[in-house]
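Student: I would like to see how this sequence folds:
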Amino acid sequence: MDIGILGALDVRENGVPIIPTAPKPRHVLAVLALHADRAVTVGTLTEELWGRQPPRSARPTLQTYIMHLRDLIASALAETGDGAGARTAKQVLRTVPGGYLLDSGEGISDVREFERIADSGYRTREAGDQREAARLLRAALDLWRGPALADISAGEYLHARIRGLEESRLCALDQRIEADLRLGRHRELIPELTVLAARHPTHESLCGQLMLALHRSGRRSDALDAYQRLRTTLVRDQGLEPSAALGRIRQSVLTAPADETPAPGPGAADPLARIG
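Tutor: Numbers count the residues shown, from 1 in each chain. The predicted structure is shown next:
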């Protein structure tokens, strides 16, 4: 079973889609797919579907949704015609003590692939190979087809997990940009960082990276403007000043000679490269 979470929900058994058209069964499948090969309790599923005060009919209704999903899985298995040794629908979507488990078999989950490739990118960057780290982290980010579970109206439980995935995406993006900055790709990064900073107007790491890219491209005033935009937003919306780390980047831009726009190569020291 191949599972796509990083975008619209996409679950396929031997290449055959098994996505229900009805919102509630699709919602159940999304939770099970996100936790593929791990048990999900009945309590978690009912709370995700109906909140903290589910109706009395919640459990039998959930069982109906599970039966519907198994029917779709059975149809997919029949369509592929793998013979006597093939799994059954109840083996793919198993009942376990206290809940259910979606058995992915030997299939691929884009979440797991993202985590695996991104972790490799982090380790490679720590080892000093910025070029390979940038390549790996770009490959991990390319697995995203849009916001996680974009077509699911998430409840409280699933919303928290989606936020966690988005934070992981931002972390990988941050590290990929850091690797690209170390490689001297400052001018190339300015358009991307400008869009990202506008999309995340209080994200200090992105602002610092944009300031660095602008400064190293000879655009000191634009780098200082980026700082001022973030400061204005932070003070207005949260009553906070930028961190001391971002302030140090601003000070470094201010005190650098006007004609000095060094572009450090891989592994070179760069006082503007990190926040925190």
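Student: any idea how far the helix or strand containing Gly247 is from the chain center?
Tutor: Using DSSP states H and E, Gly247 sits in helix 244-255. Relative to its chain's centre, helix 244-255 lies at 30 Å (Cα atoms, centre = their mean, to the nearest Å).
Student: on contacts alone, who are the packing partners of that helix?
Tutor: helix 204-216, helix 220-238 (3 or more Cβ pairs under 8 Å, 6 or more residues apart in numbering; DSSP states H and E). (C-beta placed from N, C-alpha, C; glycine too.)
Student: any chance of those in TSV, plus distance to Gln251 and mean pLDDT?
Tutor: Shown next, in TSV, are the helices and strands packed on helix 244-255 (distance: least, Cβ to Cβ, whole Å; pLDDT from 0 to 100):
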stretch	distance to Gln251	mean pLDDT
helix 204-216	11	95
helix 220-238	10	96
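Student: so which bits of the longest helix along the chain are buried?
Tutor: Determined from DSSP state H, the single longest helix within the chain is helix 156-182. Residues of helix 156-182 classed as buried: 157-158, 161-162, 165, 168-169, 172-182 (neighbour count, 16 or more other Cβ atoms under 10 Å).
Student: can you list contacts of the helix or strand where Glu48 lies?
Tutor: Element membership for Glu48 (DSSP H and E) is helix 42-50. Contact partners of helix 42-50, identified using Cβ atoms under 8 Å, 6 or more residues apart in numbering, comprise 24, 27-28, 31, 54, 58-59, 62, 98-100, 154-158.
Student: and the next helix or strand after it, which residues are buried?
Tutor: Note on helix 42-50: by DSSP H and E, the next helix or strand toward the C-terminus is helix 58-80. Residues of helix 58-80 classed as buried by neighbour count (16+ other Cβ under 10 Å): 58, 61-62, 65-66, 68-70, 72-74, 76-77.
Student: now the helices and strands packed on helix 244-255 in a markdown table, with distance to Leu9?
Tutor: As requested, the helices and strands packed on helix 244-255 are exported to a markdown table (distance: least, Cβ to Cβ, whole Å):
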| stretch | distance to Leu9 |
| --- | --- |
| helix 204-216 | 28 |
| helix 220-238 | 33 |
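Student: and stretch 191-199, how far out from the chain middle?
Tutor: 17 Å.
Student: and it, C-alpha only, in CSV?
Tutor: The C-alpha trace of stretch 191-199 is given here as CSV (Å, rounded to 0.1, in the frame of the first residue of the first chain):
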residue,chain,number,x,y,z
PRO,A,191,13.2,35.6,-4.9
GLU,A,192,12.4,32.5,-2.9
LEU,A,193,13.3,34.1,0.4
THR,A,194,11.3,37.2,-0.4
VAL,A,195,8.2,35.1,-0.9
LEU,A,196,8.8,33.0,2.2
ALA,A,197,9.4,36.0,4.4
ALA,A,198,6.1,37.5,3.1
ARG,A,199,4.3,34.3,3.8
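Student: what are the contacting residues of that stretch?
Tutor: 173, 177, 203, 206-207, 209-210, 213, 226, 229-230.
Student: low-confidence ranges in the stretch 151-276 of the chain?
Tutor: Applying pLDDT under 70 to the stretch 151-276 of the chain flags residues 258-276.
Student: which one is Glu188 nearest to, not counting chain neighbours?
Tutor: Asp180 (7.3 Å; Cβ to Cβ, 6 or more residues apart in numbering).
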